[in-house]
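Asker: dropping a prediction and its sequence here:
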Amino acid sequence: MLLYRPVGLLELRLIFESGMMAFPPRLPEQPIFYPVLNIEYARQIAFEWNTTSEPFAGYVTQFEVEDKFLSQFERKIVGGKQHEELWIPAELLMDFNDHIRGRISVIDASFGKEFIGFVGENTNIKGKNAIDQLFYFVRAFTYSPFDVHAEIIVNKTTVFLNYPFWQVNQFEDLDQTMYHDALDFIQLDWNRSFPEIQLGI
């Protein structure tokens, strides 16, 4: 069965650190893990809830889970008929992860006005927010694509988390051709460097 889950920036980071193979353990105050059954509902949560509180980002993940395993869980309607979820007890989340087929992917994203992104951790983008990182990458691409490649390698978590933001926004202060060329290069370089994990949406 194809399932969806809206997640925030910090949860997506933990998913990425698993190799896009697993959802992180629930917190003590979170007894239920609830994937949803349709993309519209997942998008609604990501946009209406995740973007309105810090860090102001909502990502929609998509993944497939073995039908036989899911058959033990009852579908729940929590609002309108499109608001359909599965409720997985927190203690069964590890087992749930073991029954995910393939990798988790990010298929949509929304961002609030206050979003600053995942701050760069290394080298030339260290300490920079998502917008300043993009401006750096566009400038660097014009004179040294290799420098962009090097930054991607040492900042792969940062690039993975912020790339959807760079995709879905228009940055009018940037030359649009250079901007899109730089994004295309980052995508291509990522695909060569980390082919097992999809970048962007």
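Answerer: Now that the structure is in, tell me what you want to look at. Numbers count the residues shown, from 1 in each chain.

Asker: what about residue 9, how many residues close to it?
Answerer: For residue 9, the count of nearby residues is 22 (other C-beta atoms under 10 Å). All C-beta atoms are positioned from the backbone trio N, CA, C, and that covers glycine.

Asker: and residue 109, what helix or strand is that in?
Answerer: strand 100-111 (DSSP states H and E).

Asker: quick one: strands adjacent to that strand?
Answerer: strand 57-65 (antiparallel) (DSSP bridges).

Asker: just after the partner strand, pick out the following helix or strand.
Answerer: helix 67-70.

Asker: give me the mean pLDDT for that following helix.
Answerer: Averaged over helix 67-70, pLDDT sits at 96.

Asker: other residues contacting it?
Answerer: Helix 67-70 is contacted from outside by 1, 86, 95-96, 99, using C-beta atoms under 8 Å, 6 or more residues apart in numbering.

Asker: if we use 7 Å, what do you get?
Answerer: 1, 86, 99 (C-beta atoms under 7 Å, 6 or more residues apart in numbering).

Asker: filter those down to the buried ones, PyMOL style.
Answerer: Applied in PyMOL, the following selects the buried portion of these according to 16 or more other C-beta atoms under 10 Å:
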select buried, resi 86
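
Asker: which among the contacts of helix 67-70 gets closest to residue 144?
Answerer: Minimum distance to residue 144 across these is 44.7 Å, recorded for residue 99 (C-beta to C-beta).

Asker: distance from the centroid: which residue in the chain tops it?
Answerer: residue 143 (29.4 Å; C-alpha atoms, centre = their mean).

Asker: kindly format the C-alpha coordinates of the lengthiest helix in the chain as CSV.
Answerer: Longest helix in the chain, counting residues (DSSP state H): helix 176-193. Output of helix 176-193 as CSV, limited to C-alpha atoms (Å, rounded to 0.1, in the frame of the first residue of the first chain):
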residue,chain,number,x,y,z
GLN,A,176,16.8,33.4,-13.4
THR,A,177,19.0,31.5,-15.9
MET,A,178,21.9,31.2,-13.6
TYR,A,179,19.5,30.2,-10.7
HIS,A,180,17.9,27.4,-12.7
ASP,A,181,21.3,26.3,-14.2
ALA,A,182,22.7,26.1,-10.7
LEU,A,183,19.8,24.0,-9.4
ASP,A,184,20.0,21.7,-12.4
PHE,A,185,23.7,21.2,-11.7
ILE,A,186,23.1,20.5,-8.0
GLN,A,187,20.5,17.9,-9.0
LEU,A,188,22.8,16.3,-11.5
ASP,A,189,25.7,16.2,-9.2
TRP,A,190,23.6,14.8,-6.4
ASN,A,191,22.3,12.0,-8.7
ARG,A,192,25.9,11.1,-9.5
SER,A,193,27.1,11.3,-5.9
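
Asker: if we can go back for a sec, residues in contact with the residue farthest from the centre of the chain?
Answerer: Not one residue lies near residue 143 by C-beta under 7 Å, 6+ apart.

Asker: coming back round to it: other residues contacting the longest helix of the chain?
Answerer: Contacts for helix 176-193 (C-beta under 7 Å, 6+ apart): 137-138, 141-142, 145, 148-149, 152-153, 159, 163, 166-167, 171, 199-200.
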